[in-house]
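Colleague: okay, here's the prediction I keep looking at, along with the sequence it came from:
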2 protein chains.
Amino acid sequence: MTKTIELIFDFVSPNAYLVWQPLRELAGRQGAQIQITPAFLGGMHKLTGNAPPFIRDADVKGKNAYANLEMRRFIAKHGLNRFKMHPKFPFNSINLLRMLISLEGDDQIKFIEALMPAIWEEELDVSDVDSVARVLTKAGFDAQSLAAKAQDPAIKQAVIDSTEKAVERGVFGIPTFFIGEEMFFGKERLGQIEEMLEKN
Amino acid sequence: MTKTIELIFDFVSPNAYLVWQPLRELAGRQGAQIQITPAFLGGMHKLTGNAPPFIRDADVKGKNAYANLEMRRFIAKHGLNRFKMHPKFPFNSINLLRMLISLEGDDQIKFIEALMPAIWEEELDVSDVDSVARVLTKAGFDAQSLAAKAQDPAIKQAVIDSTEKAVERGVFGIPTFFIGEEMFFGKERLGQIEEMLEKN
């Protein structure tokens, strides 16, 4: 049986960008597949009462400075030097999630691999439909067809449902990982995820 | 030169109990010494605007449940099965910190090793001076002398100064570790601490 790491994913999370390549490498080492569950982080925050850490922790002296230090350490450890904080963060990712959820399996991986570097290395403005289409076309997608699917009410509802279902399973942030029923939150959990995959 | 792990410490932190033995084992493996910096967590929370996670995160659906899951995983991984949540948590630890700061070097380690199991395995009531004295006497301390020192205004001020200095260095919670100027917060950081000691 193929080992599976489920990733609860949204494009708007800088930590989702940072964890992506290390997660791909981990999956490669372990012969595991990554299964994408799109979830709208903005909606998840409303459903759970959560907020981005830089907002939630702004009132605690030292806490965001330490989070930034750990981000720099993670970047250095994994050689993620092309990462740039996005000028429009937190941008609205809902349209990208709708396109993502209309795809399946390897196409979802390919879609993420096309967009994440464009967003988090090259400051792609995700509200600019032409720029997004150019990135998708270059990666071999039918951008027009994807844009049309993103307007399908069933697709729109699928993102809402997927987000609500994740919250029902205990998810409150991104990136979250599941191996079977075991949940792991945050980019700091890769070591535990690998330990678990090695045991199974 | 001996490797040193500085531990910003208070008895009231369940995570300080949980990390203690794994940290001792790590220090043993690495030939490192543990240097204790007592800090009053209640005072630190006032100075930084922080609060215990179970209070800060109570309004976020799923977040404390996940923190509890990670606590159970840490306990299972390190075989800390004797841990019990303290019935009087968060108890007032100030008197214990005053006694601790009046000691030096190995005596601080011995003092912690005597009290932490009594508190976090056997529910010692730290406000009961006779019970605390019994634990200390059994561990070879002069309990009466320590109790007297804890009333010394210079010792009382030393705990305040030590707490304020930690906050000035960026500390906002316990356990916090320093290797030289490099700060690490939380029991999840042992892996990074060991990596850093291995490099040096």
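Modeller: Looks like it arrived, so ask away. Numbers count the residues shown, from 1 in each chain, chains lettered A, B, ... in the order given.

Colleague: nearest residue to the residue of chain A positioned farthest from its centre in space, please, no chain neighbours.
Modeller: Distance from the centre of chain A peaks at A:Lys61, with 28.2 Å (CA atoms, centre = their mean). Nearest residue to A:Lys61, sequence neighbours excluded (CB to CB, 6 or more residues apart in numbering or on different chains): B:Thr48, at 4.1 Å. Every C-beta, even on glycine, is put in place using the N, C-alpha and C of the backbone.

Colleague: just confirm that neighbour contacts B:Val167, I think it does.
Modeller: Yes: using CB atoms under 8 Å, B:Thr48 is in contact with B:Val167, at 5.9 Å.

Colleague: what do these two both touch?
Modeller: Common neighbours of B:Thr48 and B:Val167 are listed as A:Lys61, A:Gly62 (criterion: CB atoms under 8 Å, 6 or more residues apart in numbering or on different chains).

Colleague: do you have the helices of chain A handy? List them.
Modeller: All helices of chain A, identified by DSSP state H, fall at A:14-30, A:41-48, A:53-56, A:63-78, A:94-102, A:105-120, A:129-138, A:143-149, A:153-168, A:190-199.

Colleague: contacts for the fifth one?
Modeller: What that stands for is helix A:94-102. Taking contacts as CB under 8 Å, 6+ apart, the residues outside helix A:94-102 that touch it are A:9-11, A:36, A:38-40, A:42, A:108, A:111-112, A:115, A:126, A:132, A:136, A:146-147, A:149-150, A:152, A:155-156, A:158-159, A:162.

Colleague: out of those residues, which touch chain B?
Modeller: Among the contacts of helix A:94-102, not one lies near chain B by CB under 8 Å from any CB of the partner chain.

Colleague: per-residue pLDDT of A:His78, please?
Modeller: Model confidence at A:His78, given as pLDDT, is 97.

Colleague: what do you get for A:Met1?
Modeller: Reading off the model, A:Met1 has pLDDT 69.

Colleague: A:Asn64 too?
Modeller: Looking at A:Asn64, its pLDDT reads 96.

Colleague: now do the contacts for the spatially closest residue to it that is not a sequence neighbour.
Modeller: Of all residues not flanking A:Asn64 in the chain, A:Asp57 sits nearest, at 5.2 Å (CB to CB, 6+ apart). By CB under 8 Å, 6+ apart, the contact set of A:Asp57 is A:Lys63, A:Asn64, A:Ala67.

Colleague: nearest to chain B among those?
Modeller: A:Lys63 (5.2 Å; CB to the nearest CB).

Colleague: isn't the closest one right up against B:Gly170?
Modeller: No: between A:Lys63 and B:Gly170 there is no contact under CB under 8 Å: 9.3 Å.

Colleague: these two: which is more packed in?
Modeller: Legend: neighbour count by other CB atoms under 10 Å in any protein chain shown for A:Lys63 and B:Gly170, higher for A:Lys63 (21 against 18).

Colleague: what is the burial count for A:Gly180?
Modeller: Counted with other CB under 10 Å, the neighbours of A:Gly180 add up to 10.

Colleague: again, but for A:Ile94
Modeller: As a burial measure, A:Ile94 scores 19 neighbours (other CB under 10 Å).

Colleague: dihedrals phi and psi, A:Asp142?
Modeller: With angles defined as degrees, to the nearest 10, A:Asp142 sits at phi -90, psi 90.

Colleague: from A:Asp107, how far out is it?
Modeller: For A:Asp142, the distance to A:Asp107 (CB to CB, to the nearest Å) stands at 11 Å.

Colleague: list the contacts of A:Phe111.
Modeller: Listed by CB under 8 Å, 6+ apart, the contact partners of A:Phe111 are A:Met99, A:Leu100, A:Leu103, A:Leu136, A:Ala139, A:Phe141.

Colleague: correct me, but the last one touches A:Ala114?
Modeller: Yes: with contact taken as CB under 8 Å, A:Phe141 and A:Ala114 are classed as touching, separated by 7.3 Å.

Colleague: how about the helix or strand bottoming out on mean pLDDT in chain A: buried residues?
Modeller: Lowest by mean pLDDT, DSSP states H and E among the helices and strands of chain A is helix A:53-56, with a mean of 89. In terms of neighbour count (16 or more other CB atoms under 10 Å in any protein chain shown), helix A:53-56 has its buried residues at A:Arg56.

Colleague: just checking, what packs against it?
Modeller: Judged by 3 or more CB pairs under 8 Å, 6 or more residues apart in numbering or on different chains; DSSP states H and E, helix A:53-56 is in contact with helix A:63-78.

Colleague: how about the helix it packs on, which residues are buried there?
Modeller: Of all the residues in helix A:63-78, those buried under the rule 16+ other CB under 10 Å are A:Lys63, A:Asn64, A:Tyr66, A:Glu70, A:Met71, A:Phe74, A:His78.

Colleague: give the contact list for the fifth one.
Modeller: Looking back up the chat, that one is A:Met71. A:Pro14, A:Leu18.

Colleague: what do you get for the second one?
Modeller: Contacts of A:Asn64 were listed using CB under 8 Å, 6+ apart, and they are A:Pro53, A:Phe54, A:Asp57, A:Ala58.
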